[in-house]
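Chemist: missing the sequence, but the structure's below:
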């Protein structure tokens, strides 16, 4: 995890761009152009390093949580935490969430919290606000979403959740297209089931816990069968491929 955080600190352009916008330093009058560039780069580096430290701390807390709780307890924990950043509970306390300010005088953290609030309030209206967590991995996003230590504001966690949901939806569309292509060419969906299983195994433990207990074993069984659905569909013995895909995806946690 530390390696991925360090990599993000120096190479992830999506998140870096968003934070640079929030922390850009204007050059003093008459300052050389290269000095302005240096100031901007330094400010951006400081911002990303702050996030990297927060993510590292969140990862440590997540590791302890995942080792302490059972699968069912993790699922209950996830449900409770998600209810605070989505649904009726979130909307009922919207004014409080929008006015929440990090307990810090760090301008970078204050700017990111403000950006998150602007994003969650205007993104549905096709605004131009950028999600401050674009560019993070699913694991890093989960470490923000399910961190109730107070490190992040509710709207920051909601923004991270929205980015995670967006990534999940993009992956779903891509893998569905691949599934239909596989089905049309071979009558099978074995590679599709394998892709879904690999995706599931890459998810953080707290997100895996929200799936049915037999989710992985069911996929493994489908893969081992290498079943020709087109042949059986012609014989009236199986469902159409989209029904199978929808049935499988319906077992995943609901996303935004």
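Modeler: That came through fine. Fair warning: this is a prediction, and the values are worked out from it, not measured in the lab.

Chemist: residue boundaries of the helices in the stretch 101-250 of the chain?
Modeler: 107-122, 138-145, 154-186, 190-202, 205-208, 215-225, 229-234, 241-249 (DSSP state H, counting those that start in this stretch).

Chemist: Just give me the lowest mean pLDDT stretch among those.
Modeler: With a mean of 83, helix 229-234 has the lowest mean pLDDT of the helices of the stretch 101-250 of the chain.

Chemist: Run through the neighbouring helices and strands of that helix.
Modeler: helix 154-186 (3 or more C-beta pairs under 8 Å, 6 or more residues apart in numbering; DSSP states H and E). Yep, even glycine has a C-beta here, placed from its N, CA and C like the rest.

Chemist: Work out the gap between the helix it packs on and the centre of the chain.
Modeler: 11 Å (C-alpha atoms, centre = their mean, to the nearest Å).

Chemist: Report all helices and strands that that helix contacts.
Modeler: helix 94-99, helix 107-122, helix 138-145, helix 190-202, helix 229-234, helix 241-249.

Chemist: Export the ones you listed as a markdown table, with columns for distance to residue 177 and mean neighbour count.
Modeler: Below are the helices and strands packed on helix 154-186 laid out as a markdown table (distance: least, C-beta to C-beta, whole Å; neighbours: other C-beta atoms under 10 Å):
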| stretch | distance to residue 177 | mean neighbour count |
| --- | --- | --- |
| helix 94-99 | 37 | 12 |
| helix 107-122 | 28 | 19 |
| helix 138-145 | 20 | 24 |
| helix 190-202 | 10 | 17 |
| helix 229-234 | 17 | 15 |
| helix 241-249 | 10 | 15 |
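
Chemist: Output these in TSV, with distance to residue 220 appended to each entry.
Modeler: Listed next are those as TSV, based on distance: least, C-beta to C-beta, whole Å:
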stretch	distance to residue 220
helix 94-99	41
helix 107-122	38
helix 138-145	22
helix 190-202	7
helix 229-234	17
helix 241-249	13
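
Chemist: quick one: contacts for the closest residue in space to residue 180 that isn't next to it in sequence?
Modeler: Spatial nearest neighbour of residue 180, chain neighbours left out: residue 241 (6.4 Å); criterion: C-beta to C-beta, 6 or more residues apart in numbering. By C-beta atoms under 8 Å, 6 or more residues apart in numbering, the residues touching residue 241 are 179-180, 183, 189, 229.
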